[in-house]
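S.K.: Pasted the sequence and its predicted model underneath.
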Amino acid sequence: MATLIPRSDRARIEALVFAIIRDLLRELGNPTASATLQASTSLDINLGLGSIERVELLSRLERDLGMSIPEAAIAEAKTVEDVIVALSGATGNESADTVEEPPAQQGATTQVISSQRPLLWRVLEAIYGVYAATVFLIWVVLAWLILHLMPRGQPAARMTSIALGIYFWLVGCRIDLEGQEHMDAHGACVYVSNHTSYSDVLVVMALFETNYHFVAKDEINDMLFIGTFLRKIGHFAFERGKLRERSRLVEQMEQTLLRGESLFIFAEGTFTAQPGVRHFQSGAFRAAVKTGKPIVPVALRGARRFLQDGTWLPKPSRITVTVCPALVPSAASNGRDLAEVLRLRDETRRVIAKYSREPLL
């Protein structure tokens with residue numbers, strides 16, 4: 001990253017960043033985090049600054065510094081120190097290397113546990129994986145060809161749902177749906193789910209027969225075959241790391257809800273092999289608060305094992321999808337919309353952790 005401001009101004013930048021973040025936290029109704037703010041404080045975990053709050057942070061920094069700031073400086077920052085370092089023009093490579101170490105350790109631990117399983121079980125899992133992957137390759141080509149003959153929207157969505165049901169039946173993966181009575185119980189709503197693997201999208205499309213739009217990362221929309229399914233059905237995509245584009249996407253989400261159509265969002269934004277519910281991005285909850293539409297938590301259990309991150313072959317699994325009772329935005333937020341966004345986000349995360357049987361991370 002090119003130098004934005006001379007290094008000699010680091011002290012001034014640090015004081016400014018702390019002051020702006022404290023003001024933002026007070027407006028969010030989070031005085032505790034403001035009082036304990038440090039350079040090592042996590043923007044996501046400790047301060048609750050998701051993509052929407054970071055747009056506001058970026059705007060205030062640009063206003064007070066009188067300059068344009070690359071969005072990546074804020075979008076990719078994990079701590080307050082990362083923001084300060086980015087604005088001071090340092091690379092921060094050592095910090096990034098440290099952040100990436102725990103997932104690598106987790107991956108090594110997973111490999112050790114896997115190697116301790118009986119040889120026969122590992123052979124049977126491998127045979128199943130090859131079978132399931134082969135069936136998927138044949139299935140996706142046939143379904144893709146049929147999909148091109150279908151009208152866009154609901155007809156394509158129904159065909160995809162039926163085709164996916166057939167695929168999971170062929171590979172012997174049972175999918176149980178709990179809480180079906182909570183689907184469509186409130187009209188247009190925001191379905192919010194945990195994200196465990198690439199199979200999550202397939203599981204949801206196999207079960208949900210309501211009118212909804214996925215909100216997915218742009219790279220998924222560009223994937224061969226799968227991207228065609230998403231575009232044909234009319235789902236939304238956003239480019240990761242572009243904060244202002246995410247802000248525009250939230251406006252598009254709000255308009256969709258006001259038209260009476262629902263959204264489905266994996267609020268973590270990404271997944272890893274490690275079990276656990278990670279920090280939720282705020283866009284879905286901001287759209288719900290702005291429109292007064294309810295949040296319906298959806299908990300996935302078993303999909304992480306079916307196609308674990310870092311693997312190519314599915315494993316024998318039983319998947320459970322639990323649709324939970326709706327969480328309705330408070331009408332008496334007294335103009336403190338961001339505080340209500342955070343309340344809904346944290347409550348949704350706790351509900352999903354409970355029914356997915358995975359810890360909060």
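M.R.: Thanks, I have it.
S.K.: Show me the shaky parts of the stretch 51-200 of the chain.
M.R.: Under the criterion pLDDT under 70, the flagged ranges of the stretch 51-200 of the chain are 51-52, 89-117.
S.K.: Could you check how far the longest helix along the chain is from the centre of its chain?
M.R.: When the chain is parsed with DSSP state H, its longest helix is helix 119-147. The chain centroid and the centroid of helix 119-147 are separated by 26 Å, computed with C-alpha atoms, centre = their mean, to the nearest Å.
S.K.: Can you give me the buried ones in it?
M.R.: If you call a residue buried by 16 or more other C-beta atoms under 10 Å, then helix 119-147 has these buried ones: 125, 128-129, 132, 136, 139-140, 143-144, 147. For the C-beta atoms, the positions are set from N, CA and C on the backbone; glycine is no exception.
S.K.: Mind giving me the packing neighbours of that helix?
M.R.: For helix 119-147, the contact count by 3 or more C-beta pairs under 8 Å, 6 or more residues apart in numbering; DSSP states H and E identifies helix 154-170, helix 226-233 as packing neighbours.
S.K.: Check which helices and strands the longest one sits against.
M.R.: Other elements packing on helix 154-170 under the criterion 3+ C-beta pairs under 8 Å, 6+ apart are helix 119-147, helix 199-207, helix 226-233.
S.K.: Next: the last one.
M.R.: Based on contacts counted as 3+ C-beta pairs under 8 Å, 6+ apart, the elements that helix 226-233 packs against are helix 119-147, helix 154-170, helix 199-207, strand 212-217, helix 218-221.
S.K.: 6 Å instead?
M.R.: Using 3 or more C-beta pairs under 6 Å, 6 or more residues apart in numbering; DSSP states H and E, the elements in contact with helix 226-233 are helix 154-170.
S.K.: relative to helix 199-207, how tilted is whichever helix or strand comes after the helix it packs on?
M.R.: Sequence order places strand 174-178 as the next helix or strand after helix 154-170, per DSSP states H and E. Strand 174-178 and helix 199-207 are oriented at 70 degrees to each other (axes from the mean of the first three to the mean of the last three C-alpha atoms, to 10 degrees).
S.K.: Please identify the buried residues of strand 174-178?
M.R.: Neighbour-count burial for strand 174-178, counted by 16+ other C-beta under 10 Å, picks out residue 175.
S.K.: Could you list the paired strands of the very next helix or strand once past it along with their orientation?
M.R.: As assigned by DSSP H and E, the chain's next helix or strand after strand 174-178 is strand 190-193. Its sheet considered, strand 190-193 pairs with strand 262-266 (parallel), strand 295-301 (parallel) by DSSP bridges.
S.K.: Excluding chain neighbours, what is closest to the residue most central in space within the chain?
M.R.: For the chain, residue 269 is the residue whose C-alpha lies nearest the centre (C-alpha atoms, centre = their mean; 2.1 Å). Counting by C-beta to C-beta, 6 or more residues apart in numbering, the nearest residue to residue 269 once its immediate chain neighbours are dropped is residue 281, at 5.2 Å.
S.K.: Three-state assignment for the one you found, please.
M.R.: coil (DSSP: H, G, I helix; E, B strand; the rest coil).
S.K.: Surely it touches residue 268?
M.R.: No - in this structure, residue 281 is not within contact of residue 268 by C-beta atoms under 6 Å, at 7.4 Å.
S.K.: Between those two, which has more neighbouring residues?
M.R.: Legend: neighbour count by other C-beta atoms under 10 Å for residue 281 and residue 268, higher for residue 281 (24 against 21).
S.K.: Give me the pLDDT value at the more buried one.
M.R.: Looking at residue 281, its pLDDT is 80.
S.K.: Next one: it from residue 266, what distance?
M.R.: 9 Å (C-beta to C-beta, to the nearest Å).
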